[in-house]
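*Asks:* This is the structure alone, sequence omitted:
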């Protein structure tokens, strides 16, 4: 229970830090970007200008601590301000449209990638003296070194331009009704390339983590004993080694999640996939700071919560953590 | 001590290969002016030659300050010079040829020269950021791990928090607010968002070293903190510090390319990230200009692989279980 309480505490504190960073970053930047922005804006409705001024704390008599208080209160109410590029839509409404796409694409791809990567990692560790295993590990080290967005570009070039078998971008075909099997197939087709990008580029990390954990476990005495006893190899591999090696792998999964999600966002940008990542890209280009910051908060919250879930999973799976409060 | 680590490192095949790749790119970066055939930003070569110079007559203009002994005259002369200017425009959007190894961009710039010059900025940003991050992380790790107490609690708490806050969105938000576009802000942003990993890694090593016998003996003998830290702990942390440095540098190169690709860097400099940015902005992909975006990505991956290989080697050296038996 102590472990659980500590993890909840860490989650809440991390959320608080993210929210606070979000408040202070625009206020701490040199060169006063907000005034700069306002100077550049022409033809913007005065209400929009006013909302920006409030958001950045320009020309207000309010001491910063009061601004901070109001900001926190608004966040708790789910009020993230008004999107500048889609004025006068509130940021939260803009986000709502994008979130399902991102959860579907990045969420599913990450899980698939983790599962496949773990299985390959187990195989690579078990057969670590075979050249196929060495080659696989080397191959994925190389693949992992490519920037996500670049692999996305390559996939678009190969499979949407050279051999136009898959759609080039977007998340569904605009020419068919948004219902039924056809729509479903179109959504799947549009997701294949971006999902493959995320899966292939993140898989290397899981393979390496799992492989190293597994090799560490395989060197343990109880594995030697199990081998000496003549237990079936399959049993040793699955039940004795892989199961124990999974635990640190899940921790590793939680730790690397932020990185993978970052890569996923870039993938969305490259493929024009209408999720949070593409929205972030559009917000940057339109200098829609309110939207950009809400996206930062959303992504941070999502990653922090996913992390927390992984921590709870560890607690349930690992008796040492569960009982020892370690 | 250092020599031993280095020898072990070089004897490892993976490390040697990684080091070779890295040295190759460092050489390219240093020799960029020699290797690159053209100016990376130019889309033509202009040569200007003097054909003929014709001097006019000397004309005395005035006489000044003259007395019996001194005389000063000012002359002026007209010179007519004839120049020949040859402009050779590069082909636009051309696939690789013997004159342009990596082809040319949309508006004619030589992409081979861009990739060569880009190596400089990319490597410099990567290495400087890597160094900066490692020093920052090492300092935090030593302060929190060695001295412990409340400082340790605070540093560890923030390390754990920043470890899970996704760094790319954070980087993007900070970069979007920065109005000064240069190389230095990028280094700063990258370092400020990538310190938690190495800090955590190094701190756990400091804590484990602190409880070893030889450090305890030194402490009870009353050695100075500085002596214990710099002479007894640091030498034992070399491999981990190196691993942190490699990882941070690799992360920085990726991060820089990413920021530049989405247009948050300084797009007027030539680096691998900006080459990709311009390729994307000018629709290289959909005009089939594979030569525009392929080389920078492959270079990034090669550098990344080189650091990954060296990191892997360090893992193997310090963790004998991972070695082949």
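*Replies:* Looks like it came in fine. These numbers come from a predicted model, not from an experiment.

*Asks:* List phi and psi for whichever residue of the stretch 101-250 of chain A sits closest to chain B.
*Replies:* With CB to the nearest CB as the measure, residue A:145 is the residue of the stretch 101-250 of chain A nearest to chain B, at 2.7 Å. Heads up, the C-betas are built off the backbone N, CA and C, glycines and all. Torsion angles at residue A:145 (phi, psi; degrees, to the nearest 10) stand at phi -80, psi -10.

*Asks:* which residues in the stretch 151-300 of chain A form helices?
*Replies:* A:180-218, A:221-229, A:233-235, A:243-271, A:276-285, A:289-317 (DSSP state H, counting those that start in this stretch).

*Asks:* Closest residue of the stretch 101-250 of chain B to chain A?
*Replies:* Here the stretch 101-250 of chain B gets closest to chain A at one residue, residue B:168, 2.9 Å apart by CB to the nearest CB.

*Asks:* where does residue B:46 fall, helix, sheet strand or coil?
*Replies:* Three-state assignment for residue B:46 (DSSP: H, G, I helix; E, B strand; the rest coil): strand.

*Asks:* List the residues that contact the nearest residue to residue A:194 once chain neighbours are set aside.
*Replies:* Distance criterion CB to CB, 6 or more residues apart in numbering or on different chains; nearest residue to residue A:194, sequence neighbours excluded, is residue A:271 at 4.5 Å. Contacts of residue A:271 were listed using CB atoms under 8 Å, 6 or more residues apart in numbering or on different chains, and they are A:152, A:156, A:168-170, A:193-194, A:197.

*Asks:* do residue B:131 as well
*Replies:* Residue B:131 sits in contact with B:245, B:249, where contact means CB under 8 Å, 6+ apart.

*Asks:* which SS state does it fall under?
*Replies:* Under three-state DSSP, residue B:131 falls in the helix class.

*Asks:* Where does pLDDT dip in the chain?
*Replies:* I went with chain A, as the question did not name one. A:30-61, A:323-326 (pLDDT under 70).

*Asks:* not quite, I wanted chain B
*Replies:* B:1-2, B:5, B:58, B:60, B:65-66, B:181, B:320-325.

*Asks:* quick one: the helix or strand harbouring residue B:169 to helix A:243-271, angle?
*Replies:* Here residue B:169 sits within helix B:167-177, counting by DSSP states H and E. Orientation of helix B:167-177 against helix A:243-271 (axes from the mean of the first three to the mean of the last three CA atoms, to 10 degrees) gives an angle of 30 degrees.

*Asks:* in the helix or strand where residue A:111 lies, what's buried?
*Replies:* Taking DSSP H and E as the criterion, residue A:111 maps to helix A:108-126. The neighbour-count check on helix A:108-126 (16 or more other CB atoms under 10 Å in any protein chain shown) flags A:109-110, A:112-114, A:117-118, A:120-126 as buried.

*Asks:* again with stretch A:191-204
*Replies:* A:191, A:193-204.

*Asks:* and the stretch 151-300 of chain A, which of its residues are near chain B?
*Replies:* A:153-154, A:156-157, A:161-162, A:168, A:212, A:215-216, A:219, A:254-255, A:257-259, A:261-263, A:265-266, A:269, A:280-281, A:284-285, A:287, A:289, A:292-293, A:295-296, A:299-300 (CB under 8 Å from any CB of the partner chain).

*Asks:* If we use 6 Å, what do you get?
*Replies:* Residues of the stretch 151-300 of chain A lying near chain B by CB under 6 Å from any CB of the partner chain: A:153, A:156-157, A:215-216, A:219, A:258, A:261-262, A:284, A:296, A:299-300.

*Asks:* Of all pairs in the residues you listed, which one is the farthest apart?
*Replies:* Longest distance between any two of these is 47.8 Å, between A:219 and A:284; criterion CB to CB.

*Asks:* Phi, psi for the closest residue in space to residue B:210 that isn't next to it in sequence please.
*Replies:* Among residues not flanking residue B:210 along the chain, residue B:146 sits closest, at 6.1 Å (CB to CB, 6+ apart). Taking degrees, to the nearest 10, you get phi -80, psi -40 for the backbone angles of residue B:146.

*Asks:* What is the burial count for residue B:146?
*Replies:* Neighbours of residue B:146 under the rule other CB atoms under 10 Å in any protein chain shown: 19.

*Asks:* Next: residue B:127.
*Replies:* Residue B:127: 18 surrounding residues under other CB under 10 Å.

*Asks:* Apart from its chain neighbours, what residue comes closest to it?
*Replies:* residue B:249 is the one closest to residue B:127 (CB to CB, 6+ apart), at 5.8 Å.

*Asks:* For the helix or strand containing the one you found, which helices and strands make contact with it?
*Replies:* Using DSSP H and E, residue B:249 maps to helix B:234-261. The contact analysis (3 or more CB pairs under 6 Å, 6 or more residues apart in numbering or on different chains; DSSP states H and E) places helix B:234-261 against helix B:111-147, helix B:183-194, helix B:196-210, helix B:272-281, helix B:290-318.
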